[in-house]
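> I'd like to go over a predicted model; first the sequence, then the structure.
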Amino acid sequence: MLLHFVQTKNFLKIFTPLFVAYLVLFLNSCQKQTIEEKWLARVNDQKISVNEFRMFYELDPNFGLDSIGLPALKAELDKLIDQKLSLQLAQKQNLLDEPTIKKAFDWEKKQSMLRALYRKKIGSKLKISESDLRKTYLQQNERVHVRHLFTTSKEQAQTWFNQVRNDSTLFFQLAQQAFKDSTLKRSGGDLGWIKLAELDEQFIKGIDTLKPGQISRPIKTRWGYHVVQMINRKKPAIIREDDYLKQRPALRKWLRRKWGMEQARSFINSTIGKLNPQPDPKLFFKIWLIIKGNKDIERLNLPQQKILNDQILNSIRQQLESDLQLPFIHYKGGNVTLGEFLNMVEQIPITQRPRFKTPKELSLQLAKIFRDDFLYKMARDENLDQDEQVLQEVQRFKEEQLYYYFINQIVDSLSVPVAVKDYFQKHQKKALTQFPELKHLNTLQEWQWQKAEHLLHKRLRQLKPKVEINLDLLKEENKGINWDRRIRMFMIRKPS
């Protein structure tokens with residue numbers, strides 16, 4: 001295990017769903033650009049379009065929590081304006097040249113170029129026809145009642161299959177061996193009624209032709225092997241055209257995400273997989289011993305998770321100084337020296353550095369670094385650093401992160417009134433007389449953050465920026481939001 005690096009199948013495992021979420025989100029956003037661009041606001045010489053604002057509030061998990069309607073939209077637009085002003089303030093203070101901030105921005109540009117590469121290589125293949133949508137609609141509404149046995153061993157799955165196909169009554173007994181989960185033990189592996197489309201793609205293919213009572217041969221999925229019995233299945237009794245048209249936009253997004261993930265795996269396999277990158281076994285072993293230390297050499301794993309920080313990198317450089325020019329990563333057609341690889345790691349912000357506890361985990365993380373660096377060079381060769389969407393994403397990232405930077409500065413310097421502390425720590429309600437806003441908050445940290453946002457807003461507006469808001473257009477945007485059934489999206493990016 002110690003000397004084993006990452007083969008193609010492991011590259012597929014470390015292709016993060018979040019990366020695909022980025023891809024699909026921005027592919028979907030491209031469709032909105034056909035709408036006529038109108039400026040919603042101006043901040044000095046910079047315009048804010050309706051589409052930019054829409055993307056902003058859709059990705060804010062706190063949007064609409066305290067208020068709804070036009071006041072909520074106005075507050076959200078003020079926050080976007082404050083973020084743009086934060087970048088302008090940072091530029092005046094030369095903060096963009098500060099090493100930690102510069103590293104974070106360089107990292108985001110690299111990640112944005114990788115997303116652009118995926119859009120370019122995969123987006124053109126995501127052609128969704130009307131028949132694809134209708135087929136998906138039927139799948140989304142078909143329900144199956146199944147039970148299964150699960151194992152990571154192909155041989156075990158085949159043994160179970162041979163047993164239950166001769167005597168299906170053994171299914172419940174074998175489920176006691178297959179599952180540690182008490183619920184699945186009690187149910188005999190019964191998953192109950194579930195939408196077909198919610199299942200893994202390989203799982204769906206394996207049970208697609210099963211009739212009630214039939215048992216599948218072992219089905220391989222990303223988790224392992226399943227032996228499945230179809231208990232019953234229900235297709236929608238009536239296909240209503242109005243219902244299909246209502247679901248159609250969501251179906252398209254779901255299908256784009258699903259196919260995007262499949263195409264992404266295929267792309268990784270066709271680019272990185274063929275290179276078959278492997279580390280030098282001796283160098284990898286030396287590195288692991290430096291990280292772990294020579295104590296308790298018989299135990300390979302670390303007692304607790306570590307991060308590949310600058311201190312560890314410096315130790316590796318010092319102790320392996322004579323090996324820095326030696327090839328560390330070998331791949332078809334070339335290699336990467338140990339020194340070059342350490343430089344790659346050093347360029348990664350500390351929050352994004354590899355975290356690991358075992359040699360295998362470290363190996364997977366090193367593979368991810370090699371993968372991203374190889375694809376980044378491919379993106380750079382295709383001039384994706386000048387891609388319009390890349391430039392917009394990097395600009396947005398700078399605005400957002402510098403806003404958080406100033407907020408955290410204020411939070412660190414805030415003086416918290418005793419009454420506010422007592423409210424959260426001792427539940428003393430008398431503080432509500434002086435601070436009525438506390439009743440809407442759950443923690444002291446929430447109060448500090450809200451207070452810091454308010455103070456930053458005042459500070460930025462004291463700079464007397466030229467701000468114009470198209471209130472009529474903001475009212476039109478408000479009419480298009482169903483506040484009773486608004487879907488809250490997850491936060492994709494967090495402060496670095």
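Yep, it's here.
> CA only for contacts and neighbour counts going forward, please
Noted.
> I'd assumed H226 was in contact with S153.
No. Applying C-alpha atoms under 8 Å, one finds S153 not in contact with H226, separated by 9.8 Å.
> quick one, which of these two is more surrounded?
Neighbours per residue (other C-alpha atoms under 10 Å) separate S153 from H226, with H226 holding more: 26 against 12.
> tell me the phi and psi of the more buried one?
Per-residue torsions, H226: phi -120, psi 140 (degrees, to the nearest 10).
> Could you do the one 3 residues further on as well?
The phi/psi pair for Q229 (degrees, to the nearest 10) reads phi -110, psi 130.
> what's the residue nearest to it when sequence neighbours are not counted in contact with, if anything?
The shortest distance from Q229 to any non-neighbouring residue, by C-alpha to C-alpha, 6 or more residues apart in numbering, is to I215 (4.2 Å). The contact partners of I215, by C-alpha atoms under 8 Å, 6 or more residues apart in numbering, come to R165, V227, V228, Q229, M230.
> Could you pull up phi and psi at I215?
Phi and psi for I215, reported as degrees, to the nearest 10, are phi -120, psi 140.
> For K185, see how far away it is.
19 Å (C-alpha to C-alpha, to the nearest Å).
> Please produce a PyMOL select command covering the buried subset of the contacts of I215.
Of the contacts of I215, the buried ones can be selected in PyMOL as follows, counting by 16 or more other C-alpha atoms under 10 Å:
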select buried, resi 165+227+228+229+230
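> If you tally nearby residues, what's the number for Q409?
12.
> in what helix or strand does it lie?
Here Q409 sits within helix 388-413, counting by DSSP states H and E.
> and what of Q304?
Q304 belongs to no helix or strand, assigned by DSSP H and E.
> Would you list the phi and psi of the closest residue to it other than its chain neighbours?
Of all residues not flanking Q304 in the chain, K357 sits nearest, at 6.1 Å (C-alpha to C-alpha, 6+ apart). Torsion angles at K357 (phi, psi; degrees, to the nearest 10) stand at phi -130, psi -20.
> Could you tell me how far K357 is located from L342?
Distance from K357 to L342, by C-alpha to C-alpha: 19 Å.
> Over to D385?
For D385, the distance to L342 (C-alpha to C-alpha) stands at 24 Å.
> same deal with N62?
39 Å.
> These two: who's more crowded?
Neighbour count, other C-alpha under 10 Å: between N62 and L342, L342 has more, with 18 against 14.
> where's the more buried one relative to R54, distance?
Noted for L342: a distance of 41 Å to R54, by C-alpha to C-alpha.
> got it, and R115?
21 Å.
> More neighbours: which of those two?
Ranked by neighbour count (other C-alpha under 10 Å), R115 and R54 place R115 first, with 23 against 13.
> for the stretch 301-450 of the chain, what spans make up the strands?
Taking DSSP state E, counting those that start in this stretch to define them, one finds strands in the stretch 301-450 of the chain at 306-307, 327-331, 334-337, 355-356.
> now this protein, which segments are flagged as low pLDDT?
Applying pLDDT under 70 to the chain flags the ranges 1-37, 197, 237-239, 294-298, 485-496.
> max-length helix in it?
helix 241-271 (DSSP state H).
> Pairing partners for the helix or strand following it, with directions?
For helix 241-271, the following helix or strand on the C-terminal side (DSSP H and E) is strand 278-279. When sheet partners are counted by DSSP bridges, strand 278-279 sits next to strand 327-331 (antiparallel).
> hmm, who's touching the strand it pairs with?
With contacts defined as C-alpha under 8 Å, 6+ apart, strand 327-331 is touched by 275-280, 283-284, 335-338, 341.
> how far out from the middle of the chain is that strand?
Relative to its parent chain, strand 327-331 has a centroid offset of 29 Å by C-alpha atoms, centre = their mean, to the nearest Å.
> CA atoms of that strand as CSV?
Extracted in CSV, the C-alpha atoms of strand 327-331 (Å, rounded to 0.1, in the frame of the first residue of the first chain):
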residue,chain,number,x,y,z
PRO,A,327,12.2,12.5,-10.5
PHE,A,328,9.4,12.1,-8.0
ILE,A,329,6.4,11.6,-10.2
HIS,A,330,6.9,9.4,-13.3
TYR,A,331,4.3,9.5,-16.0
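> list the buried ones in that strand?
By 16+ other C-alpha under 10 Å, the buried positions in strand 327-331 come out as P327, F328, I329, H330, Y331.
> Over to stretch 172-183?
F172, L174, A175, Q176, A178, F179.
> From the opening residue of that stretch to its closing one, how far?
13 Å.
> What are the contacting residues of it?
The contact list for stretch 172-183, computed with C-alpha under 8 Å, 6+ apart, reads H148, L149, F150, T151, W160, L184, K185, S187, G188, G189.
> from the residues you listed, which ones fall inside strands?
The strands, defined by DSSP state E, take in H148, L149, F150, T151 from the contacts of stretch 172-183.
> I figured the second one hits G224, correct?
No. In this structure L149 lies outside contact range of G224 using C-alpha under 8 Å: 10.5 Å.
> Pick out whichever of those two has more residues nearby.
Using other C-alpha under 10 Å as the criterion, L149 and G224 rank with L149 on top: 25 against 14.
> for the residue nearest to I350 when sequence neighbours are not counted, phi and psi?
Once flanking residues are discounted, I350 sits nearest to N309: 6.7 Å by C-alpha to C-alpha, 6+ apart. When quoted as degrees, to the nearest 10, the phi and psi of N309 stand at phi -90, psi 180.
> Could you double-check that N309 sits in contact with T351?
No. Taking contacts as C-alpha under 8 Å, N309 lies outside contact range of T351: 9.6 Å.
> Please identify the buried residues of the longest helix of the chain?
Buried residues in helix 241-271 (16+ other C-alpha under 10 Å): 248, 251-252, 254-261, 263-265, 267-269.
> how close does Y405 sit to A452?
11 Å.
> Would you map the strands across the stretch 51-200 of the chain?
Counting by DSSP E, counting those that start in this stretch, the strands of the stretch 51-200 of the chain are 143-151, 190-195.
> could the ones you listed go into CSV alongside distance to P303?
Shown next, in CSV, are the strands of the stretch 51-200 of the chain (distance: least, C-alpha to C-alpha, whole Å):
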stretch, distance to P303
strand 143-151, 28
strand 190-195, 37
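> got a list of what the spatially closest residue to V420 that is not a sequence neighbour touches?
Closest residue to V420 apart from its sequence neighbours, by C-alpha to C-alpha, 6+ apart: A431 at 6.3 Å. By C-alpha under 8 Å, 6+ apart, A431 lies in contact with A419, V420, D422, Y423.
> of Y405 and A452, who's got more company?
Set Y405 next to A452 and count neighbours by other C-alpha under 10 Å: A452 wins out with 21 against 16.
> Can you read off the backbone torsions of that one?
phi -70, psi -40.
> From K458, how far out is it?
A452 is 10 Å from K458, by C-alpha to C-alpha.
> now do T337
Counting by C-alpha to C-alpha, the gap from T337 to K458 is 51 Å.
> Looking at the two, which has the bigger crowd around it?
A count of neighbours by other C-alpha under 10 Å puts T337 above the other of T337 and K458, at 18 against 12.
> For the more buried one, which non-adjacent residue is closest in space?
Per C-alpha to C-alpha, 6+ apart, closest to T337 is P327, 4.0 Å.
> Looking only at neighbour counts, state which of N309 and T351 leads.
Of the pair N309 and T351, N309 is the one with more neighbours under other C-alpha under 10 Å, namely 17 against 12.
> G339 versus that one, what's the distance?
In this view, N309 and G339 are 16 Å apart by C-alpha to C-alpha.
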